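**Q** Okay, here's the prediction I keep looking at, along with the sequence it came from:
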Amino acid sequence: MRFPDIKTTLPGPNAAALIGVDRNHVSPSYTRIYPLVAEKAEGLWIHDPDGNTFLDFTAGIAVCATGHCHPHVVNAIKEQANKLLHMSGTDFYYTSQITLAEKLAHLTPGSGSNKVYFGNSGAEAVEAAFKLARWYTKRELNLAFFGAFHGRTMGALSLTASKTIQKKHYNPLIPGITHIPYAYCYRCPYHMSYPECGIECVRWVEDTLFRTTVPPEEVAAIFVEPIQGEGGYIVPPPEFHRELQKIAKKYEILYVADEVQSGMGRTGKMFAMEHFGVVPDIMALAKGIASGMPLGAMVARSDIMVWEAGSHASTFGGNPVSCSAALATIELLEAELMANAKIRGEYLMTELRELQKSMECMGDVRGMGLMVGVELVKDRDTKERASDWRNEIIQKAFQKGLLLLGCGENTIRFSPALTVTVEEIDACLSIFEESLLEVAG
Ligand SMILES: Cc1ncc(COP(=O)(O)O)c(C=O)c1O
């Protein structure tokens, strides 16, 4: 079995020198939690400038769906770069953008009559969804969820409700957004348990919110992550989205699925909403869509995407090279990687649940496909959040060469590339267990 290879103390001298320069010249708003300097990478393996090799279970925040530098994607990028780097889909036409739009229109749930708007990031895809929902409905209010992360531009940030640090000093944001509790069953906001709760978190929207403070006929859209990502990799009950969408339909409110993190095969289906049997009106895509090239897409039904020429656009959105990378990515996802995500995700969850039996601090193990979270607690009964242990475990794992990230207050996320092998999962689990034992054993 291949393990990480750490030859120096971390960071090594070359990495430390680069970080020194970074400190002087790069925005301090970034949240680097450990000093990884990535020099080159292939698959799940990252090499730093000091000759250290790391095992990457973050995929660059759930982006490198096909692994780092997959040859099929790199070739597509090279070929496109030799032909056309940029022409701006806003004002002109080019093949790769048109081909990708046709592909996405058929790939996304619905009858295939979808249309695509291209941007450069998740936030831009959400921003576009926000604007289209207003444009189409001519309504001013929106619902979103506590714990949600939709991005950091002012519109997307207004929908985000993940951490106050992301909003501090930026008010006033866009008015008219009401945040409501997500279906976080491990910590039910209504102190009920599933299934006896009857999905109270959905019923509350109609029975309380729409009767007291938010007139439903003024609501443009409900923005929702199929599985909450940055909020803690939270999987709602199977009927949650279906029941919520029923209410949305009743009041002609658009159902907007933010699949930026959960989409593009990560959960074992192309889009996580497919697990819930729901066809959203609008979808936001990014992250894994182009294996690391910047690309965001907002997909909506043709009868909704009826805004007029000039109402929204972006110079770089749907760049030819990014679109070609996306087409190559989708080929790989469809051929085998989506299926791999399902099988390897099940293996990872089974092994983590096995470990949970002996590790009291592993309060909850949850996920779908390769979107897996472990929520750490000080005590299984009180569920006291073990945020400090979570952070220490991530640091320990890094020192041993395993890259992990947190999400929510006290959850560790496992979001490797969809190419991950059983051996790579075993290597990850062995380092994770060692780190757990050192911190909370
Ligand atoms: C669900 C979701 N939406 C939107 C975003 C924002 O994406 P970006 O950072 O590309 O703007 C993220 C990023 O983590 C996300 O997880």
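**A** That came through fine.

**Q** residues from the stretch 51-200 of the chain in reach of the ligand?
**A** Neighbours of the ligand within the stretch 51-200 of the chain, by CB under 6 Å from any ligand atom: S121, G122, A123, V126, F149, H150, G151. (Each C-beta comes from the backbone N, C-alpha and C, glycine too.)

**Q** again, but for the stretch 251-400 of the chain
**A** D258, V260, Q261, A286.

**Q** Would you agree the last one is in contact with A128?
**A** No. Taking CB atoms under 8 Å as the contact criterion, A286 and A128 are not neighbours in contact, 10.9 Å apart.

**Q** Can you pull the residues that touch both of those two?
**A** When contacts are counted by CB atoms under 8 Å, 6 or more residues apart in numbering, A286 and A128 have G119, G296 as shared neighbours.

**Q** Any idea which residue of the chain lies closest to the ligand?
**A** Here the chain gets closest to the ligand at one residue, G122, 2.2 Å apart by CB to the nearest ligand atom.

**Q** which residues does that residue contact?
**A** Counting by CB under 8 Å, 6+ apart, G122 has contacts H150, G151, A156, D258, V260, Q261, A284, A286, K287, G296.

**Q** in a strand, that's where R413 is, yeah?
**A** Yes. Applying DSSP: H, G, I helix; E, B strand; the rest coil, one finds R413 inside a strand.

**Q** So what pairs up with the residue nearest to it when sequence neighbours are not counted in the strands?
**A** Take R413 and drop its neighbours on the chain: the residue closest to it by CB to CB, 6 or more residues apart in numbering is C407, 4.6 Å away. On the basis of DSSP bridges, C407 is bridged to T411.

**Q** tell me the contacts of C407?
**A** G229, E230, G231, G232, Y233, G373, R413.

**Q** The fifth one touches P226, doesn't it?
**A** Meaning Y233. No. Using CB under 8 Å, Y233 is not in contact with P226, being 11.7 Å away.

**Q** hey, where'd the strands end up in the stretch 201-350 of the chain?
**A** Along the stretch 201-350 of the chain, the segments classed as strands by DSSP state E, counting those that start in this stretch run 219-224, 254-258, 282-285, 296-301.

**Q** In TSV: these, plus mean pLDDT.
**A** Shown next, in TSV, are those (pLDDT from 0 to 100):
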stretch	mean pLDDT
strand 219-224	98
strand 254-258	98
strand 282-285	98
strand 296-301	98
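
**Q** ok, residues contacting stretch 144-164?
**A** 121-124, 126-127, 130-131, 142, 166-167, 170, 173-174, 177-182, 184, 189, 222-225, 228-232, 234, 258, 260, 284, 408.

**Q** how does it look with 7 Å?
**A** The contact list for stretch 144-164 (CB atoms under 7 Å, 6 or more residues apart in numbering) reads 122-123, 126-127, 130, 166-167, 170, 173-174, 177, 179-182, 184, 223-225, 228-232, 234, 258.

**Q** Next: stretch 345-355.
**A** 268, 362, 365, 367-370, 372, 374, 414, 422, 425, 429, 433.

**Q** Columns neighbour count and secondary structure on top of these, output as TSV?
**A** Converted to TSV, these look like this (neighbours: other CB atoms under 10 Å; DSSP: H, G, I helix; E, B strand; the rest coil):
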residue	neighbour count	secondary structure
G268	22	coil
M362	21	strand
V365	20	strand
G367	23	strand
M368	22	strand
G369	26	coil
L370	30	coil
V372	23	strand
V374	28	strand
F414	26	strand
V422	13	helix
I425	21	helix
L429	19	helix
E433	16	helix
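
**Q** for those residues, which one is nearest T382?
**A** Checking the contacts of stretch 345-355 against T382 by CB to CB gives M362 as the nearest, at 14.9 Å.

**Q** I'd guessed the closest one sits against V372; true?
**A** No. Using CB atoms under 7 Å, M362 is not in contact with V372; the gap is 12.0 Å.

**Q** That'll do, ta.
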